[in-house]
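**Q** Sequence and predicted structure, then a few things I'm wondering about:
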Amino acid sequence: MSARKWRTAALLTGAAVAAAVVTAPAAQAHQPDHGHGGADAKVIGYFTQWGIYARNFTIRNLVDSGTAARLTHLNYAFGFLDEKGSCVSADAWADYQKPFAAEQSVDGVADVEGQPLSGNLNQLRKLKKKYPKLKVYISLGGWSGSKYFSNAALTPESRKAHVTSCINQWIKGDIAGPGAAAGVFDGIDVDWEWPNSKAGEPNNISRPEDKVNYTALLKEYRTQLDRLPRGKRDLTAYLPANTREIDSGFEVAKVMRYLTFGNLQGYDYHGGWDPTTNQQSALRTAKGDPTPAPGYSSQVVIDAWVKRGAPKDKLTLGVPFFGRGWTGVANVNNGLYQKATGPAPGTWEAGGEDYKVLKTKVGAYKVYRDEKAGHAWLFDGTTFWTYDDPTEIRRKARYIEKQGLAGAMIWSLDADTSDGELIKALYDELSC
């Protein structure tokens, strides 16, 4: 089962980066407050650092779409680690160098040459000023940035040095110069994919002792974060769906003691890497699913973590704002559980597509649903897409409340429509 991937095809470089300009859509009239309705439910969205390039998706878009007003937490993806395990910027231009024009800026004020902080981090600072209840975390690692986590976690000395580096760089704000980004981040989100596993990027360093070292790393984070002022102590983690990765890499009960909350992978249960079509984010395993029991579903994932010692009220369920697809699919059973010739063509990667694009296929494709299992798919007779639309997002929100979970996590915000169709459905249902 694949984890979400850094879509490098979306990147621009050199002069193209400097020339990239976003025309922000018109501001939405309705801007809800975080305190409306079910205020305790967390709504966490990942903002992709590289989205400002080919995707033309900026922090300003979160304001204009109404998305920012519906978030309780924003995870900025990603910060990387160097070979020694120290925290570094994965893209200095995107993080703190790129000047944003007035129409791209959260407050309508253009960046000027020589200011201490530009780039996404300056826009995040402005976003927090506009939405003071919003918490912003730096997410470390991800699919393409987890190579050196094992080095960072290896010894007491390496763990201490790593955590000190990350706090200094991101929480204290030294990433763009001494204190230049101070106040931008309220916590750290650890996205190590995955400890003691060969299922991540092929070049990732992996050791059998990663499992106990992961716990020790979180303990070091908790120790150092607890020395900081209140409001800067949050520690979260992105956690896998596959029980193989859970058991090989996580001492669940111990891990959860150190986390403010954990974000469960609620997607990529199936995808174009499989020879047969299936769902990527169903709530329950369908009776006809050919996957060996218990199959892959959100209920299976939640049960696995709870059984191993995770409290439900410290878990959020990941919801995808993207779909997974296959092509060369037989026109049998509405395309479900059928052999395919390969992944469907996608804008940024084969077998993957944003919701905002998949929405435009409705009409040419027919929408199908499994009401009991809780998932939807599109099929046109040869190409199959498993995805979440507003109906399924609302179903997931009701499920999250019924299960007593902490809330929902979104990968990723740039895949929604320009008016925030999916996050509105999620927020409104959680806020009832």
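**A** Sure, I can see it.

**Q** end-to-end on stretch 101-117?
**A** 14 Å (Cα to Cα, to the nearest Å).

**Q** what about it, distance to the chain center?
**A** 26 Å (Cα atoms, centre = their mean, to the nearest Å).

**Q** Enumerate the positions of that stretch that are buried.
**A** Across stretch 101-117, burial judged by 16 or more other Cβ atoms under 10 Å covers 104-106, 111, 117. From N, CA and C alone the C-beta is placed, and that goes for glycine too.

**Q** Among these, find me the one that's closest to residue 392.
**A** residue 106 (30.7 Å; Cβ to Cβ).

**Q** Would you agree that closest one falls within a helix?
**A** No. Per DSSP: H, G, I helix; E, B strand; the rest coil, residue 106 lies outside any helix segment and is coil.

**Q** State the helix or strand in which the residue nearest to it when sequence neighbours are not counted lies.
**A** What sits nearest to residue 106 in space, not counting adjacent residues and going by Cβ to Cβ, 6 or more residues apart in numbering, is residue 126, at 3.9 Å. Element membership for residue 126, per DSSP states H and E: helix 119-130.

**Q** can you check residue 367 too?
**A** strand 366-370.

**Q** do residue 319 as well
**A** strand 315-320.

**Q** How much space separates the residue nearest to residue 106 from residue 53?
**A** 20 Å (Cβ to Cβ, to the nearest Å).

**Q** picking that back up, list the buried residues of the helix holding residue 126.
**A** Using 16+ other Cβ under 10 Å as the test for burial, helix 119-130 gives 119-128.

**Q** Same check on stretch 399-413?
**A** Of the residues in stretch 399-413, those buried (16+ other Cβ under 10 Å) are 399-400, 403, 405-413.

**Q** ok, the buried residues of helix 119-130 vs residue 159, which is closest?
**A** Closest approach to residue 159 among these (Cβ to Cβ): residue 121, at 25.8 Å.

**Q** Which pLDDT value does the model give the closest one?
**A** Listed pLDDT for residue 121 reads 98.

**Q** Return the residues in contact with it.
**A** Residue 121 makes contacts with 95-96, 175-176, 181, 184, as judged by Cβ atoms under 8 Å, 6 or more residues apart in numbering.

**Q** Just the buried residues from those residues, in PyMOL please.
**A** Buried members of these, defined by 16+ other Cβ under 10 Å, are picked up in PyMOL with:
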select buried, resi 95+96+175+176+181+184
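
**Q** Export the contacts of residue 121 as TSV, with columns for distance to residue 253 and pLDDT.
**A** Shown next, in TSV, are the contacts of residue 121 (distance: Cβ to Cβ, whole Å; pLDDT from 0 to 100):
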residue	distance to residue 253	pLDDT
95	35	98
96	38	98
175	33	98
176	38	97
181	35	98
184	33	98
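
**Q** want to try a markdown table for the contacts of residue 121, with secondary structure as columns?
**A** Below are the contacts of residue 121 laid out as a markdown table (three-state DSSP):
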| residue | secondary structure |
| --- | --- |
| 95 | helix |
| 96 | helix |
| 175 | strand |
| 176 | coil |
| 181 | coil |
| 184 | coil |
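
**Q** Save the contacts of residue 121 as CSV, and put in distance to residue 152 too.
**A** CSV is the format used below for those (distance: Cβ to Cβ, whole Å):
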residue, distance to residue 152
95, 20
96, 22
175, 17
176, 22
181, 21
184, 22
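
**Q** Looking at the contacts of residue 121, which is nearest residue 144?
**A** Of these, the one sitting nearest to residue 144 (Cβ to Cβ) turns out to be residue 95, at 15.4 Å.

**Q** before we move on, back to that, which of the buried residues of stretch 101-117 lies closest to residue 365?
**A** residue 104 (34.0 Å).

**Q** I'd guessed the closest one sits against residue 63; true?
**A** No. The pair residue 104 / residue 63 is not scored as a contact, 11.0 Å apart, by Cβ atoms under 8 Å.

**Q** residues contacting residue 124?
**A** 59, 74, 76, 136, 184.

**Q** give the contact list for the fourth one.
**A** Remark: with contacts taken as Cβ under 8 Å, 6+ apart, residue 136 is in contact with 73-76, 124, 127-128, 184-186.

**Q** Please identify the helix or strand for the residue lying closest to it once chain neighbours are set aside.
**A** Nearest residue to residue 136 in three dimensions, chain neighbours excluded: residue 74, at 4.9 Å (Cβ to Cβ, 6+ apart). Using DSSP H and E, residue 74 falls within strand 73-81.

**Q** ok, and the helix or strand in the protein with the lowest average confidence?
**A** Confidence across the helices and strands of the chain bottoms out at helix 14-19, with a mean of 30, counting by mean pLDDT, DSSP states H and E.

**Q** Mind listing residues that contact the helix or strand following it?
**A** Downstream of helix 14-19, the next assigned helix or strand under DSSP H and E is strand 42-48. Here strand 42-48 makes contact (Cβ under 8 Å, 6+ apart) with 7, 55, 57, 59, 62, 67, 70-77, 120, 139, 261, 263, 316, 406-414, 423, 426-427, 430.
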